[in-house]
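> After the sequence you'll find the predicted model.
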Amino acid sequence: MVHMDGGMAKRFLMLGLVAALAAALFGPGAWAQEAAGRRPLTEEEGRLVAQAALAYAEVEYWAGGALRKGMPYLWGGRTTVEQLLAAAAQAAEDEQAVPALAAAESHEPGGEPAEAAGQPTGTAADAADRIEDVLSGLGVDASGLVVNALRALNPSVRFAASAGDNPVWLADATSSLLYHYNVLHLDPADIRAGDFVFFGTAGGDSVNVTGVGVVTGRSGTRVDFVVASAREGRVIATFARTDGDYWRNNIVGAGRFLMPAGM
C-alpha cells in the first residue's frame, strides 16, 4: 500500500528541485541524445513497456459493491497492479464478512464476539468506509505509471537526475526528470509503442513538464497512449493526433527511454 506521507512529499519535492536546478544549469533534454553508455529501448522492449502500462488502464476490481476499472490516481503513488488486486480482494472479503458476523456481536450463547475473534466488526456501511480508506492509499500518478512500467521490464532500472556522462542516478523519477535527462527526443513520425509523450507548456528555450504518458501504438497521426489522469481519478487509455489542437496545446514532446549501461 502506498501512503503519501510527509516523507514521500518531501522526496518528490526534492526530485522536482533537482530537475529544475539541472534544467537551469544544462538546458533541456537534448543532451540525452548523446548520453554515453546508454541505449534507447529496442522495439521489443518498448512493446513490453506498453503492455505493462496498459494493464494499469485495463485492471478491474470490485470495491463497494461495484466493478471499477483503472488504477486509481494518487499523487506520488507507485502501487502496482498486483498490489491493487491483492488489497481489493482482501477488502472485498472484509465487506462480505461483516453482515454475517454482525449477529456475533450480540454475544449469542456459545459464541465468541466477532471483535474478540479478530474478525471484522460493524455494519455494511463501516465495511464500505474501510474499503474506501484502503483504496485511498493506493494508486499511481503520471510518472509513477511510467516508472512502474519500466520496472516491469527491469526491476533494477535507474534514472538520471543530471546531465553529463556521469549523472546522479536515482531509483525513481518525476515527469520532468524523465523528459530532461532520460529519453532520446523524437519526431512525432518516429513514435512507437513504449515511447513517452510529455505534457506541459513551452516558451522559448524553457519547457515546463507537468505529466507523461506511455504510447501503446501509432497509426498515421493518431497516437494511442496510457496516462494517469488526475481529472478522471484513474489511469486511462486515450489518444491524440499529432496534427490536432490538443497535441499542439498540451504535448511538449515525445521521447524513447534511454536504458542505463549494463541493464
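Structure's in. What do you need?

> Can you tell me the closest non-neighbouring residue to Tyr181?
In space, and not counting its chain neighbours, Tyr181 is closest to Ala160: 4.1 Å by Cβ to Cβ, 6 or more residues apart in numbering. Every C-beta, even on glycine, is put in place using the N, C-alpha and C of the backbone.

> Could you report the distance from the one you found to Asp172?
Between Ala160 and Asp172 the computed distance is 12 Å (Cβ to Cβ, to the nearest Å).

> Check Val214 too.
Using Cβ to Cβ, one gets 16 Å for the distance from Val214 to Asp172.

> Looking at those two, which is more packed in?
Taking neighbours as other Cβ atoms under 10 Å, Val214 and Asp172 compare with Val214 leading, 32 against 18.

> Mind pulling up the pLDDT for the more buried one?
Listed pLDDT for Val214 reads 98.

> swap in the one 4 residues further on?
Each residue has a pLDDT score; the one for Arg218 is 98.

> Ok, the one 10 residues further on next?
We have a pLDDT of 98 for Ala228.

> so what's it bridging to?
Taking DSSP bridges as the rule, Ala228 bridges to Val235.

> cool, Val215 as well?
Beta bridges link Val215 to Phe225 when assigned by DSSP bridges.

> my read: it touches Arg192, true?
Yes - look at Val215 against Arg192 with Cβ atoms under 8 Å: they come within range, at 6.9 Å.

> Can you pick out the residue with more neighbours from these two?
Ranked by neighbour count (other Cβ under 10 Å), Val215 and Arg192 place Val215 first, with 24 against 18.

> give the contact list for the more buried one.
Residues near Val215 by Cβ atoms under 8 Å, 6 or more residues apart in numbering: Ala50, Ile191, Arg192, Ala193, Gly194, Asp195, Phe196, Val197, Val223, Asp224, Phe225, Ala254.

> repeat for Val212
Contact analysis of Val212 by Cβ under 8 Å, 6+ apart lists Ala142, Ser143, Leu145, Val146, Ser175, Leu178, Tyr179, Phe196, Val197, Phe198, Phe199, Val227.

> Now intersect these with the strands, please.
With DSSP state E as the criterion, strands contain Phe196, Val197, Phe198, Phe199, Val227 from among those.

> Tabulate those in TSV, adding columns for neighbour count and distance to Val209.
Shown next, in TSV, are the ones in strands among the contacts of Val212 (neighbours: other Cβ atoms under 10 Å; distance: Cβ to Cβ, whole Å):
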residue	neighbour count	distance to Val209
Phe196	28	10
Val197	24	11
Phe198	26	5
Phe199	19	7
Val227	24	13
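
> Name the SS class of Ala254, please.
Classification of Ala254 by DSSP: H, G, I helix; E, B strand; the rest coil places it in strand.

> tell me the pLDDT at the closest residue to it other than its chain neighbours?
The shortest distance from Ala254 to any non-neighbouring residue, by Cβ to Cβ, 6+ apart, is to Leu186 (4.6 Å). We have a pLDDT of 98 for Leu186.

> again with Glu112
Listed pLDDT for Glu112 reads 54.

> ok, now Gly164?
With respect to pLDDT, Gly164 has a value of 88.

> Can you measure across stretch 163-182, start residue to end residue?
Length of stretch 163-182, first residue to last, Cα to Cα, to the nearest Å: 9 Å.

> for stretch 66-86, that is, sorry about that
First-to-last residue span, stretch 66-86, Cα to Cα: 17 Å.

> again, but for stretch 179-198
Start-to-end span of stretch 179-198 (Cα to Cα) is 7 Å.

> so what's the nearest residue to Pro72 once chain neighbours are set aside up against?
Excluding its sequence neighbours, the residue lying closest to Pro72 (Cβ to Cβ, 6+ apart) is Gly139, at 3.7 Å. Contact analysis of Gly139 by Cβ under 8 Å, 6+ apart lists Val2, Met71, Pro72, Tyr73, Leu74, Gly77, Thr79, Ala228, Arg234.
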